[in-house]
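**Student:** Requesting a structural model of the entry that follows:
(chains A and B)
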Protein chains: 2
Amino acid sequence: MILELADIRIQPGKNAEFEAAIQHGVKTIIAQAAGFEGWKVNRSIESPDRYVLQIFWTKLEDHTEAFRNGPLFPQWRGIVGPFFAAPPVVEHFELVAKSD
Amino acid sequence: MILELADIRIQPGKNAEFEAAIQHGVKTIIAQAAGFEGWKVNRSIESPDRYVLQIFWTKLEDHTEAFRNGPLFPQWRGIVGPFFAAPPVVEHFELVAKSD
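**Tutor:** Got it, this is the predicted structure:
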């Protein structure tokens, strides 16, 4: 399993609308993608315009190829993109270790 | 519950030693801290010198006050600090939503 971590900055003051939009976007669009295994979104306490979205994929290409090059990506960006203050910074991660 | 997210850059080529050290440091030092509830560490696929450490705390002050001002912090930094290429970037997060 691969972790996609997206570091997102939104336009100030749009928190409530963005939080509704991202939940709607994940549940209705990303959840349809092949290899989607789960998700989580957190808001920064120190930087309230910053969110970290974590999405779990079966394999890297489920996100980088199938999702990004398929029809779901523009639908997702149409829902959350209007809130972005900058392009999200996205990388993918492998698990090293975690608590039991 | 609060998520501490630490964005870590290590010295190139030290992955195996750092991964052993961070697991040792969390399990023997941070796990002793009041309010510690769990942890996870991931390595970036695109930037292999980048790690994201997630630590779950009962409340913000368990990390920002009790841990950082107490005797465990220098012990922890003694174990993982020698591998850092730069000071880690740390913020704290509240959960907005996640999958069931």
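**Student:** what's the closest non-adjacent residue to the residue nearest the centre of chain A?
**Tutor:** Centroid-nearest residue in chain A, with Cα atoms, centre = their mean: residue A:53, separated by 4.3 Å. Using Cβ to Cβ, 6 or more residues apart in numbering or on different chains and skipping the chain neighbours, the partner closest in space to residue A:53 is residue A:6 (4.3 Å). In this view, the C-beta of every residue, glycine as well, is placed from N, C-alpha and C.
**Student:** What angle do strand B:2-9 and the helix or strand hosting the one you found make with each other?
**Tutor:** Element membership of residue A:6 [criterion: DSSP states H and E] is strand A:2-9. Here the directions of strand A:2-9 and strand B:2-9 differ by 100 degrees (axes from the mean of the first three to the mean of the last three Cα atoms, to 10 degrees).
**Student:** circling back: mind listing the residues bridging to the residue nearest to residue A:53?
**Tutor:** Counting by DSSP bridges, residue A:6 forms beta bridges with residue A:53, residue A:90.
**Student:** The host helix or strand of residue A:74 and chain B in contact?
**Tutor:** Element membership for residue A:74, per DSSP H and E: helix A:72-80. No. Figure legend: helix A:72-80 not in contact with chain B (Cβ under 8 Å from any Cβ of the partner chain); closest approach 12.8 Å.
**Student:** which parts of that helix are buried?
**Tutor:** A:72, A:73, A:76, A:79, A:80 (16 or more other Cβ atoms under 10 Å in any protein chain shown).
**Student:** Identify the residue nearest the third one in space, chain neighbours excluded?
**Tutor:** Spelled out, it's residue A:76. Residue A:76's closest residue in space is residue A:29 (Cβ to Cβ, 6+ apart), at 4.6 Å.
**Student:** Residue A:77 is in contact with the one you found, correct?
**Tutor:** No. Residue A:29 is beyond contact range of residue A:77, at 9.4 Å (criterion: Cβ atoms under 8 Å).
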